[in-house]
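Trainee: Based on what follows, work out the 3D shape:
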Amino acid sequence: MARKVKIQGNMAAMLSYLGQLYQSPADALKEYVSNALDAWREGMDIGLDLGACEVTFRITPSRIVIEHNAPGMDEKEFEQMLQRVADSIKKGKDIAQIGQLGIGIWGFMQVGRKCTFFSKKAPALPTLRVTLKEGRDDADFEKANRKDSLPEPGMKIIISELKAKPTKVRGPLAVDRLAKKWGELYDSFLRSGDLVLTIEAHGSSRAVAPPDLGLPRLAEGCSDWHLSHEPGKKFTTCFYFDGTGKGTVSVRHAGVDVIDDLGERAQTESYWEETIYSSGFVRGFIEADFLKPLPSRTGFEANDDWLALLIELEMIGRVLSEEVDAIRTEEDQRRQQQIHREAIELARDILEDEDFMDLELLGGLARRRRQATQRQSRPAGEKTGERSQKPGDEQSPSGSRINVMEDDFEDGAGRHSEFISGIVRINRLQPDYRLAMKGTETDRLAYLVMLIGKETIGFNDRTGLSGEALERLISYIYKLQRNRVFSATGKGFRGGGRRVRA
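Mentor: Prediction:
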C-alpha cells in the first residue's frame, strides 16, 4: 500500500521567490495599486462614499512610500491573507477583482528587504502595523503608535532596506518609465477619474495620465454592448485607428489587461480565420468583467460567456472593418498627393542641373529665379520651331502647368505615362508601375520622378519621335531589375557574362 509523504519546504525562501516573480520592479509595485483599487471597489460596492481612489508613490533614495485612501485591512483580514499565500481570499467575492493569486503583497522583495504596513479599516478602528522581512516566514503585528496612526481609513506602505538606488534617472523606477507603464495599464480607471495616481520624486510631483494617442476613434456606437442571449452581461469597448499597422487590442478584466493581443490569440486558437483585430490598424481594449480569468491571468476560461463574447466581437468587427477601410482610403489619397508633390519638387531639383539647363520645363517645375542673362533676339520672320499647344494646355513663362495623376490607360498596359493638358498621367496598368508600388515609398517616388523627367524630355522634342524610345528605355531598366542583374550592394553587375532573358 502506497504511503503519502507531506511536501514541506523553506517557507521564507518560497516567499522570497514569490516576491520576485514579477518581470520588473514596476510590475511588482503596481500590485499595490491593484490592491488599492480592489479595496476601493469593495468599499464602493457596500455603499461607502470614497470619491476617487487616490494612490501616491513617494520615491526617495532610502525608501519608497505608498499611500492610498481605500479602506485598509483589519487584524483578522491581515492574518487570513498571510495564512493563504497563493490562495487569495478575494476569490469568493462577487465583485470583479484585479488580484486573484494572493502574492501581490510580497512584491516589495523586488526592490527592498523590509515592508511595513500601516492599515486602518474604519474610522473607529485603530491603525494596525504589520512588518514583513525578506528571509523570514513570520510577520510582526502591533498597534501603531500615535505618530504613525492614520487619521482616516486607508493604508500606508513603507518599503525600506532597498536593494538598489530607486531614484536613478534612467533606472527601472524612473518616473517617466513608471508613468508611461502605469498610464497604459490603468488607462480605463484614469480616464474615468476613478483613479488618481501620483508619483513624487526628486522634489517634484507627477500625475500619471492615460496615454494621449491622438488617434481617430472607431466604432463609437459599439462602446457599450452586451451579450445577445444574456443582456445583463455587459462589456465596453474603446477602439482607435492605428495607421502604423502595429496596433493591438487587449481584453481587460477589472480594468487590467489579461489578454494583451486579441488578434494574435484569435489566430493561434482559431477563433476566426481572418479578423480586423489582428490587422494592426485597430488599437484599443475590450472590458468584460463577467469573464473568468485563468489563475495565471494569461487568458480566460473558455466557457459559454467567453464564446458568446467572441460572437459579439465578430459582429462589432464588421463595423470596424468598414470604418478602417474608409480611413485607409482617405489616408492613401492624402499620402498619394504628398508623394506627387515630393516627386514634382525632386524632379525640378534634378532638372536644374547644368546638364538639363537647355530644356524648357513644365510649369510646376519652374526653375528658381536665377541672375538674369541677356538673351539673343531672333531676326524678324525667323521660325521658332516651338511646339504647338494642345487644346486646354495652360501656358506659363516656363511651360504648361503640371500635375501628376495615377490612372488606368484606356489602351492598356503599353505606355508608362503621357503628358496631356498639364497632367503627367501614370499608367497603373503598366507592369513596371506595379513593381514600383510593391517596393518602398522611395521606390515609388523614384518611379514618379523618372516619368516626370521622361515627359519633360519628350516635351522638348520638337519632332515628337522620342516618346517611343524613352518608353523602351524605361522598360529596359525595369527588365534589368526584374532579372536581378544589379547587385543589391550597389557594386555593379552580377553573374559575369550571363545572358539576360526579358
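
Trainee: What are the buried residues along stretch 45-64?
Mentor: Of all the residues in stretch 45-64, those buried under the rule 16 or more other CB atoms under 10 Å are Leu50, Cys53, Glu54, Val55, Thr56, Phe57, Ile59, Arg63, Ile64. To be clear about C-beta, it is placed using only N, CA and C from the backbone, and glycine gets the same treatment.

Trainee: Strands of the stretch 151-300 of the chain, residue ranges please.
Mentor: 154-162, 195-201, 204-207, 217-218, 224-227, 230-241, 249-253, 256-259, 282-287 (DSSP state E, counting those that start in this stretch).

Trainee: by contact count, what packs against the longest one?
Mentor: The contact analysis (3 or more CB pairs under 8 Å, 6 or more residues apart in numbering; DSSP states H and E) places strand 230-241 against strand 217-218, strand 224-227, strand 282-287, helix 304-351.

Trainee: could you dump the ones you listed to TSV with distance to Pro293 and mean neighbour count?
Mentor: As requested, the helices and strands packed on strand 230-241 are exported to TSV (distance: least, CB to CB, whole Å; neighbours: other CB atoms under 10 Å):
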stretch	distance to Pro293	mean neighbour count
strand 217-218	26	19
strand 224-227	18	15
strand 282-287	13	22
helix 304-351	11	16
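
Trainee: could you dump those to JSON lines with mean pLDDT and distance to Arg482?
Mentor: Compiled in JSON lines, the helices and strands packed on strand 230-241 are given as follows (pLDDT from 0 to 100; distance: least, CB to CB, whole Å):
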{"stretch": "strand 217-218", "mean pLDDT": "94", "distance to Arg482": "39"}
{"stretch": "strand 224-227", "mean pLDDT": "92", "distance to Arg482": "50"}
{"stretch": "strand 282-287", "mean pLDDT": "92", "distance to Arg482": "36"}
{"stretch": "helix 304-351", "mean pLDDT": "92", "distance to Arg482": "22"}
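
Trainee: Turn these into JSON lines, including distance to Ala39.
Mentor: Supplementary listing: the helices and strands packed on strand 230-241 in JSON lines, determined by distance: least, CB to CB, whole Å:
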{"stretch": "strand 217-218", "distance to Ala39": "33"}
{"stretch": "strand 224-227", "distance to Ala39": "27"}
{"stretch": "strand 282-287", "distance to Ala39": "20"}
{"stretch": "helix 304-351", "distance to Ala39": "26"}
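
Trainee: just so I know, which of those lies nearest Leu29?
Mentor: strand 282-287 (22.2 Å; CB to CB).

Trainee: relative to strand 249-253, how tilted is that closest one?
Mentor: For strand 282-287 against strand 249-253, the angle by axes from the mean of the first three to the mean of the last three CA atoms, to 10 degrees is 10 degrees.

Trainee: okay, strand 282-287 in CSV with CA atoms only?
Mentor: Output of strand 282-287 as CSV, limited to C-alpha atoms (Å, rounded to 0.1, in the frame of the first residue of the first chain):
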residue,chain,number,x,y,z
VAL,A,282,-7.1,48.8,-34.7
ARG,A,283,-5.8,49.7,-31.2
GLY,A,284,-7.8,49.6,-28.0
PHE,A,285,-9.3,47.3,-25.5
ILE,A,286,-12.4,45.4,-24.5
GLU,A,287,-13.5,45.4,-20.9
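
Trainee: contact partners of it?
Mentor: 187-188, 213, 215, 218, 235-242, 247-253, 255, 257, 262, 276, 309, 313, 320, 324 (CB atoms under 8 Å, 6 or more residues apart in numbering).

Trainee: what residues are up against the spatially most central residue of the chain?
Mentor: Nearest to the centroid of the C-alpha atoms of the chain, with distances taken as CA atoms, centre = their mean, sits Gly247, at 4.7 Å. Taking CB under 8 Å, 6+ apart as the criterion, Gly247 is in contact with Tyr240, Gly280, Phe281, Val282, Arg283, Gly284.

Trainee: Find the nearest non-adjacent residue to the last one, please.
Mentor: If you skip the residues right next to it in sequence, Gly284 has Phe239 as its closest partner in space, 3.9 Å away by CB to CB, 6 or more residues apart in numbering.

Trainee: same thing with the second one?
Mentor: Leaving aside its sequence neighbours, Gly280 sits nearest to Gly245 (CB to CB, 6+ apart; 3.9 Å).

Trainee: Can you give me the neighbour number for that neighbour?
Mentor: Taking other CB atoms under 10 Å as the criterion, the count of residues near Gly245 is 9.

Trainee: so who does it touch?
Mentor: Contacts of Gly245 were listed using CB under 8 Å, 6+ apart, and they are Ser279, Gly280, Phe281.

Trainee: Buried only: go through those for me.
Mentor: Under a neighbour-count criterion of 16+ other CB under 10 Å, the subset of the contacts of Gly245 counted as buried comprises Ser279, Phe281.

Trainee: Pull out the buried positions in stretch 450-469.
Mentor: Residues of stretch 450-469 classed as buried: 450-460, 466-467 (neighbour count, 16+ other CB under 10 Å).

Trainee: coming back round to it: quick one, which of the helices and strands packed on strand 230-241 gets closest to Glu152.
Mentor: If you check each of those against Glu152 by CB to CB, strand 282-287 wins as the nearest, at 30.1 Å.

Trainee: Domain map for this protein?
Mentor: Domains of the chain are assigned by automatic domain parsing as 11-207, 217-324, 352-365+390-502.

Trainee: Nearest to Val5, out of those domains?
Mentor: Taking CB to CB as the criterion, domain 11-207 is the member of the domains of the chain that comes nearest to Val5, at 17.7 Å.

Trainee: Any idea how far apart the tips of that closest one sit?
Mentor: Criterion CA to CA, to the nearest Å; first-to-last residue distance in domain 11-207 is 38 Å.

Trainee: Show me the helices in the protein, by range?
Mentor: Chain-ordered helices for the chain, with DSSP state H as the definition, fall at 11-19, 25-45, 75-82, 175-185, 187-192, 262-268, 304-351, 431-438, 441-459, 466-482.
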